[in-house]
Every structure is written in C-alpha cells, then in structure tokens.
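>>> Sequence and predicted structure below; questions after.
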Amino acid sequence: MTDHTLARADEVLTELVELVETARSLPMSSACVVPRERTLDLLDALREVLPPEMIEARRVMAEREQLLSEARTSAARERAEAEDESGRVRAAAEAQAQELVTTARTEAEELLASARAEAWELVEQARAEQARLVSAASVQQAAVEAAERLRADSEAEAERIRAEAGEYAGRLTGDAQRYAGDTLGGLVDTLQRLLGTAENGRAALAGSAPAPGLSGLEPDPGPDPDAGPEAGL
C-alpha cells in the first residue's frame with residue numbers, strides 16, 4: 001500500500017469516526033442516527049483503497065490453514081502407523097516367546113516321561129531278576145539301588161532341563177519386549193520430529209501479517225506489530 005493510499009484510508013477512517021461521534025443520539029438510548037448515503041460513500045471509498053491487501057491477506061490465511069491441515073493429517077497418519085507397527089512387533093515377539101516356552105515345556109515333559117519310563121523299566125527288570133535269583137540277595141539289592149539311583153538321576157536331569165528351558169524362555173521374552181520398546185521409541189522420536197517440523201511451519205506462517213480491513217476482517221498491524229497505530233501511517 002502506497003503512502004497516498006494510506007493517507008486516503010486514514011482520511012476516510014477519520015471522517016467515519018467524526019461522523020459517528022457527531023451523530024445525533026436517540027432519546028433514552030446509546031444508539032445514534034447517521035446519514036446513510038454519506039456513510040455508504042465513505043465505506044465505498046475505503047473499500048476502493050483496501051482490496052489488494054485484503055486479497056493478499058485472504059490468500060496468506062488460506063495457505064496457512066492448508067499447511068496446518070496437511071501437517072495435522074501427516075502427524076495423525078504417522079502416529080497411527082507408529083502405533084500399528086508397535087502393535088505388530090509386540091504381538092510377533094509375544095507369539096515367538098510363547099511358542100518357545102511351549103516347545104521347551106513339551107521337550108522337558110517328553111524327557112521326563114522318557115526318563116521315568118526307563119527308570120520303571122529298570123525297576124521291573126530288577127524285580128524280575130530278584131524273582132529269578134532269590135538266593136542272590138546282594139545282586140538283588142544292588143540292582144534295586146542302581147534302578148533307584150537311575151530314576152533319581154533321571155528326574156533330577158529332567159527338572160534341570162525344565163528349569164533351563166524356563167530361564168531361556170524368560171530371556172527370550174525380555175529380549176522381545178526390549179526390542180518392541182526400542183522400536184516404539186524410534187517411531188515416537190520420528191513422530192516428534194515431524195510434529196516439531198509442523199510446529200515450526202506454523203510458527204513461520206504466524207509471522208505473516210494480514211492487511212487492514214473492516215466488517216470482521218483482521219486489521220493489518222503494519223511492519224511492526226508492537227510499534228502502535230502510528231507506525232503504519
């Protein structure tokens with residue numbers, strides 16, 4: 001806006017203010033009567049001064065709203081993708097850990113069952129040997145003791161295998177949870193960077209000043225919004 005245009009706009013605004021201030025007040029009311037034709041002429045004159053700046057202000061505001069909308073949409077999409085990816089990683093890790101625990105338990109139970117069957121088979125063999133060699137008491141006692149020791153050793157070995165399988169499954173579960181947490185943390189960092197970029201864009205657009213206007217339009221604060229109304233004259 002040129003100096004001449006600014007001067008003309010200031011003259012029209014001043015005359016409008018004087019027109020309202022000097023208007024005749026209505027009795028028992030804060031309302032006043034202003035000449036319609038003169039007021040419309042002044043408003044038309046002011047409208048002829050403002051259109052270029054008003055159009056630019058509307059364009060800037062429309063671009064800002066579009067950029068903010070795109071930033072919000074992108075942030076929401078990234079957040080949803082991050083949550084979906086985290087859910088998939090966590091579900092896969094839990095499924096793998098559960099499968100390993102189930103496998104380890106099955107193997108431990110199979111080993112324990114095999115050991116028990118072998119122990120009972122040895123006991124039965126010892127009993128058969130006892131019946132056949134009634135007179136060989138020492139041989140019978142040695143066979144029974146050997147069978148009992150074998151059964152005890154087999155049960156201890158099966159219990160040790162089961163404990164090791166449980167510890168191994170626990171370590172796998174912890175590793176899976178840490179991997180899921182690290183993946184989610186990386187996705188959250190990426191989302192925060194995108195949100196920071198959107199906020200920086202919005203802050204940059206917020207520095208654009210709209211043109212002055214009437215009837216609900218935002219006024220143009222001029223080159224320096226903090227310098228007061230005199231700075232735009």
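Right, received. Where do you want to start?
>>> Can you tell me the centre-most residue of this protein?
Residue closest to the mean C-alpha point of the chain, counted by Cα atoms, centre = their mean, is Arg79 at 4.2 Å.
>>> Look at the nearest residue to that residue once chain neighbours are set aside and say how many residues are nearby.
What sits nearest to Arg79 in space, not counting adjacent residues and going by Cβ to Cβ, 6 or more residues apart in numbering, is Leu191, at 5.6 Å. All C-beta atoms are positioned from the backbone trio N, CA, C, and that covers glycine. Around Leu191 there are 20 other residues, counting by other Cβ atoms under 10 Å.
>>> One more: Arg72?
Applying other Cβ under 10 Å, we find 13 residues neighbouring Arg72.
>>> Where does pLDDT dip in the protein?
When residues are selected by pLDDT under 70, those of the chain lie in 1-3, 51-58, 134-137, 139-140, 208-233.
>>> go again using 50 as the cut-off
Along the chain, the parts satisfying pLDDT under 50 run over 209-223, 225, 227-233.
>>> which residues of it fall in helices?
Assigned by DSSP state H, the chain shows helices spanning 3-21, 36-49, 51-132, 137-206.
>>> Save those as a markdown table, and put in distance to Ser30 too.
Converted to a markdown table, the helices of the chain look like this (distance: least, Cβ to Cβ, whole Å):
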| stretch | distance to Ser30 |
| --- | --- |
| helix 3-21 | 12 |
| helix 36-49 | 18 |
| helix 51-132 | 30 |
| helix 137-206 | 37 |
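>>> Thought Glu110 was touching Arg162, still the case?
No - between Arg162 and Glu110 there is no contact under Cβ atoms under 8 Å: 10.9 Å.
>>> For those two, indicate the residue with more neighbours.
Taking neighbours as other Cβ under 10 Å, Arg162 and Glu110 compare with Arg162 leading, 17 against 12.
>>> Enumerate every residue touching that one.
Counting by Cβ atoms under 8 Å, 6 or more residues apart in numbering, Arg162 touches 104-105, 108-109, 112.
>>> Just the buried residues of stretch 173-183, please?
In terms of neighbour count (16 or more other Cβ atoms under 10 Å), stretch 173-183 has its buried residues at 173, 176, 180, 183.
>>> which two from the contacts of Arg162 end up farthest apart in space?
With Cβ to Cβ as the measure, no two of the contacts of Arg162 lie farther apart than Ala104 and Leu112, at 12.4 Å.
>>> what's the burial count for Ala97?
Neighbourhood size, Ala97 [other Cβ under 10 Å]: 19.
>>> quick one: contacts for it?
Counting by Cβ under 8 Å, 6+ apart, Ala97 touches 169, 172-173, 176.
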